[in-house]
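Engineer: Sequence below, structure please.
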Amino acid sequence: MASVFSIPASADFAATLAAGVVARTGGDLLMVAAAIIYLPTRRAARGFGDAFAKALGGAALLPQFRALGESEDDELLVDTLGDGVPLPPAIRPMRRQLLLANLIRGWRGGETERLSFAQAASLAASLAGVMDEVEIQGADLKKLKDVVPAALAEHWQSVARFLDIIDTAWPDVLAAEGASNPAARQSAGLRALAARLGEHPPQELVIAAGSTGSVPATAELLAVIARLPNGAVVLPGLDRELDDESWAALDPGHPQYGLKQLLNVIGVARGDVRPWAPADRNAPREALLCETLRPAPTTDAWRALAEDRAAGKRDTLARGLAGLSQITAANPGEEALAIALALREALEEPGRTAALVTPDRGLARRVAAEMRRWGVNIDDSAGRPLAHMAAGSFLCLLAEAVDSGFAPVPLLALLKHPFARAGQDAAAFRARARELDRWCLRGPRPDPGLEGIARAI
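Structural biologist: Predicted structure coming up:
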């Protein structure tokens with residue numbers, strides 16, 4: 001029988017997972033250290049280490065954390081599969097984009113003019129994304145011709161011919177490189193790992209935690225782990241309270257749909273999923289979230305919330321709203337300042353934590369800038385874009401100056417950057433840049449290119 005568990009959405013996932021592992025090993029530190037825990041990403045593995053250290057009372061040997069969802073992470077495949085599985089190394093993303101750009105430049109697709117390399121590189125990035133998605137989902141592009149009939153519009157025919165690059169020219173390029181696509185290598189590695197675990201079940205505790213199995217190869221691996229003698233799959237936030245009618249009506253856009261598909265792959269009913277460990281949860285908030293995300297076909301159940309027979313449910317939802325606030329900001333700057341003030345307020349209470357969750361990278365950067373005004377440096381999980389760092393901004397200014405033919409404004413912006421020194425003293429170099437601006441670049445615009453600037457001088 002498959003061992004599938006869940007941790008409530010409102011509980012501390014890492015702390016609850018650690019408590020469950022310690023309980024199942026009886027506190028035996030050697031058994032905990034021998035356990036293998038598969039997590040979605042390497043970053044998640046770093047966070048779980050702190051939770052296990054706290055659960056074990058401080059310094060202790062931690063379980064072996066391995067990442068499932070990083071196609072560029074070779075450690076999982078090398079350490080787990082050994083040398084017996086012939087998996088070529090994954091091609092580097094930049095190398096792949098450049099090679100695809102060369103292929104695309106040779107493809108006309110009905111165009112009379114040859115693509116520039118910049119245009120080809122942009123198309124190559126999109127084509128690489130399509131290639132990864134096709135290989136992750138196990139699709140067959142050979143069937144595209146059946147989907148795109150000959151009578152379809154010409155631009156769709158052009159798209160089909162463009163995608164044919166993946167199926168015809170690209171395999172030969174990969175063979176010459178002696179490499180494989182990152183997504184294909186990841187899927188092959190996961191399936192080989194699943195086969196190895198099935199043939200030789202380890203004696204140690206094997207747990208897959210936090211993964212929704214959105215990648216087919218990952219779902220197959222989770223199905224194998226769930227049936228190991230000492231295996232377990234721990235799902236994140238499975239809604240075990242949603243009524244059966246709503247569960248059956250889930251559509252692909254619902255957050256629980258992926259977990260529903262994973263349970264189907266594993267072959268486990270939702271009612272057979274058990275709690276992983278006792279957890280400090282916020283049941284009213286979970287009930288509020290469940291009702292908010294109720295599938296459209298069953299939203300008629302909301303009518304009962306306004307009737308006396310649902311008074312108990314209304315009270316639960318009211319408690320779920322406790323602590324929630326809404327702020328209507330006049331502009332993005334005011335929005336960032338309000339969030340920064342809320343984060344700063346959390347620092348006033350010892351031991352309290354706070355986090356900003358947003359898909360808006362601009363908002364995250366504005367909030368971080370507001371926090372730095374108060375001497376608070378916050379950790380941005382998405383990192384800083386290269387273009388917003390000193391070296392990246394210098395390269396962007398250089399590219400802009402070249403693209404504009406060294407027009408006065410982009411040229412001066414480049415020359416006044418701290419990295420523009422030409423091996424000289426920075427202050428003296430910028431003084432010469434100001435002299436160039438004052439005596440040569442004001443007035444009639446010089447001819448394009450550095451030759452025009454030289455003539456102006």
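Engineer: pLDDT below threshold where in the protein?
Structural biologist: In the predicted model of the chain, residues 69-86, 108-114, 144-159, 161, 308-311 satisfy pLDDT under 70.
Engineer: Show me the strands in it, by range?
Structural biologist: Counting by DSSP state E, the chain has these strands, from start to end: 4-7, 36-39, 64-67, 206-209, 231-236, 274-275.
Engineer: List the neighbouring strands of the fifth one plus their orientation.
Structural biologist: The reference is to strand 231-236. According to DSSP bridges, strand 231-236 has the following sheet partners: strand 4-7 (parallel), strand 206-209 (parallel).
Engineer: Which residues does it contact?
Structural biologist: With contact meaning CB atoms under 8 Å, 6 or more residues apart in numbering, strand 231-236 is reached by 2-7, 9, 13, 17, 20, 197, 201, 205-212, 222, 224-226, 259, 262, 266, 273, 276. The way it works is simple: take the backbone N, C-alpha and C, and place the C-beta from them, glycine included.
Engineer: Show me which parts of it are buried, residue by residue.
Structural biologist: Using 16 or more other CB atoms under 10 Å as the burial criterion, the residues of strand 231-236 that qualify are 231, 232, 233, 234, 235, 236.
Engineer: Return the member of those nearest to residue 186.
Structural biologist: Of all those, the one with the least separation from residue 186 (CB to CB) is residue 233, at 19.1 Å.
Engineer: And for the residue nearest to the closest one when sequence neighbours are not counted, the neighbour number?
Structural biologist: On the basis of CB to CB, 6 or more residues apart in numbering, the spatially nearest residue to residue 233 that is not a chain neighbour turns out to be residue 226, at 4.5 Å. Applying other CB atoms under 10 Å, we find 23 other residues in the vicinity of residue 226.
Engineer: try residue 380
Structural biologist: For residue 380, the neighbour count with other CB under 10 Å is 13.
Engineer: can you tell me which residues contact residue 350?
Structural biologist: Taking CB under 8 Å, 6+ apart, we find residue 350 in contact with no residue.
Engineer: repeat for residue 316
Structural biologist: Residues near residue 316 by CB under 8 Å, 6+ apart: 283, 284, 287, 288.
Engineer: can you put those residues in CSV and add neighbour count and distance to residue 433?
Structural biologist: As requested, these are exported to CSV (neighbours: other CB atoms under 10 Å; distance: CB to CB, whole Å):
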residue, neighbour count, distance to residue 433
283, 13, 64
284, 17, 62
287, 16, 63
288, 19, 59
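Engineer: Out of those residues, list just those in helices.
Structural biologist: Judged by DSSP state H, the contacts of residue 316 include 283, 284, 287, 288 as members of helices.
Engineer: quick check, nearest of the residues you listed to residue 134?
Structural biologist: Comparing the ones in helices among the contacts of residue 316 against residue 134 with CB to CB picks out residue 288 as the nearest, at 38.7 Å.
Engineer: I figured that closest one hits residue 317, correct?
Structural biologist: Yes. In this structure, residue 288 is within contact of residue 317 by CB atoms under 8 Å, at 5.2 Å.
Engineer: Could you measure from the closest residue to residue 8 other than its chain neighbours over to residue 232?
Structural biologist: Leaving out its chain neighbours, the residue that sits closest to residue 8 by CB to CB, 6+ apart is residue 281, at 4.3 Å. Residue 281 sits 20 Å away from residue 232 when distances are taken as CB to CB, to the nearest Å.
Engineer: ok, now residue 199?
Structural biologist: Look at residue 199 and residue 232: by CB to CB, they are 19 Å apart.
Engineer: can you check residue 93 too?
Structural biologist: As judged by CB to CB, residue 93 and residue 232 stand 34 Å apart.
Engineer: try residue 439
Structural biologist: As for residue 439, its distance to residue 232 is 75 Å (criterion: CB to CB).
Engineer: now swap in residue 107 and tell me
Structural biologist: Residue 107 sits 49 Å away from residue 232, going by CB to CB.
Engineer: Cross-check the contact I'm expecting between residue 209 and residue 17.
Structural biologist: Yes. Taking CB under 8 Å as the contact criterion, residue 209 and residue 17 are neighbours in contact, 5.3 Å apart.
Engineer: what sits in contact with each of these two?
Structural biologist: Shared contacts of residue 209 and residue 17, defined by CB under 8 Å, 6+ apart, comprise 37, 234.
Engineer: Now do the helices in the stretch 251-400 of the chain.
Structural biologist: When secondary structure is read from DSSP state H, counting those that start in this stretch, the stretch 251-400 of the chain shows helices at 257-266, 283-292, 311-320, 332-346, 361-373, 390-403.
Engineer: List of residues touching the longest helix seen in the chain?
Structural biologist: The residue-count maximum for a helix in the chain (DSSP H) belongs to helix 117-137. The contact list for helix 117-137 (CB under 8 Å, 6+ apart) reads 71, 93, 96-98, 100-102, 104-105, 115, 139, 141, 162-163, 165-166, 170, 181-184, 186-187, 215-217.
Engineer: rerun at 6 Å
Structural biologist: Under the criterion CB atoms under 6 Å, 6 or more residues apart in numbering, residues 96, 97, 100, 101, 104, 105, 166, 181, 183, 184, 215 lie in contact with helix 117-137.
Engineer: Just the buried ones among the residues you listed, please.
Structural biologist: For those, a neighbour count by 16+ other CB under 10 Å gives the buried set as 96, 97, 100, 101, 104, 105, 166, 181, 183, 184, 215.
Engineer: From these, which land in helices?
Structural biologist: 96, 97, 100, 101, 104, 105, 166, 183, 184.
Engineer: ok, the second one to residue 132 distance?
Structural biologist: By that I understand residue 97. Distance of residue 97 to residue 132, given as CB to CB: 12 Å.
Engineer: swap in the fifth one?
Structural biologist: Plainly put, residue 104 is 17 Å away from residue 132 if you go by CB to CB.
Engineer: Check the fourth one too.
Structural biologist: Relative to residue 132, residue 101 is positioned 16 Å away (CB to CB).
Engineer: ditto for residue 314
Structural biologist: Distance, residue 314 to residue 132, using CB to CB: 46 Å.
Engineer: pretty sure residue 214 contacts residue 258?
Structural biologist: Yes. With contacts defined as CB atoms under 6 Å, residue 214 counts as touching residue 258 at a distance of 5.3 Å.
Engineer: Please name the nearest non-neighbouring residue to residue 100.
Structural biologist: Spatial nearest neighbour of residue 100, chain neighbours left out: residue 124 (3.7 Å); criterion: CB to CB, 6+ apart.
Engineer: Measure how buried that neighbour is and give me the count.
Structural biologist: Number of residues near residue 124 (other CB under 10 Å) recorded here: 23.
Engineer: again, but for residue 331
Structural biologist: Residues contacting residue 331 under the criterion other CB under 10 Å number 8.
Engineer: Please apply the same query to residue 453.
Structural biologist: By other CB under 10 Å, the residues close to residue 453 number 19.
Engineer: what sits against it?
Structural biologist: Applying CB under 6 Å, 6+ apart to residue 453 gives the contacts 406, 446.
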